[in-house]
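Q: starting from these lines, generate the structure:
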Amino acid sequence: MTRRYDLTCIVRADTKVTTETLGTFLKELLGKSVVVVESSISDKRPLAYEIKKQMEGKYISAKFDGQNIHVHDIEKKVQLGTEILRFLVTVKPAVAHVKAGK
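A: Next comes the predicted model:
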């Protein structure tokens, strides 16, 4: 069953990120079967507190669909990156389609 996932990251402010590189990163991270539905990249913004000696960062949000993806595996791979300061992965609940009846 295909599920919808949401990945939000804060990356270092000096990181060069585009929607193309984000799509490539997700394909490498999760495999070829991932379909990126929506992605957004913010400009450099100040952080509320220092994270890994950084006071500014870029916020990245990506929604993607995939099958047989384990959140724990995503977290392990994302933690290996030095550019990523913080991240959050959520799984959207499956929606059951119900026919409207009388």
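Q: biggest strand in this structure by residues?
A: strand 54-66 (DSSP state E).
Q: can you give me the helices for the chain?
A: Ranges of helices within the chain are 19-30, 71-79, based on DSSP state H.
Q: quick one: list the elements packing against the first one.
A: Which is helix 19-30. strand 35-41, strand 54-66, helix 71-79 (3 or more CB pairs under 8 Å, 6 or more residues apart in numbering; DSSP states H and E). To be clear about C-beta, it is placed using only N, CA and C from the backbone, and glycine gets the same treatment.
Q: okay, these, which one's buried deepest?
A: With neighbours defined as mean count of other CB atoms under 10 Å, the helices and strands packed on helix 19-30 peak in mean count at strand 54-66, which reaches a mean of 17.
Q: show me what that one is packed up against.
A: By 3+ CB pairs under 8 Å, 6+ apart, strand 54-66 packs against strand 3-12, helix 19-30, strand 35-41, strand 45-51.
Q: mean pLDDT and distance to C9 for the helices and strands packed on helix 19-30 - can I get that in a markdown table?
A: Listed next are the helices and strands packed on helix 19-30 as a markdown table, based on pLDDT from 0 to 100; distance: least, CB to CB, whole Å:
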| stretch | mean pLDDT | distance to C9 |
| --- | --- | --- |
| strand 35-41 | 86 | 10 |
| strand 54-66 | 90 | 5 |
| helix 71-79 | 81 | 7 |
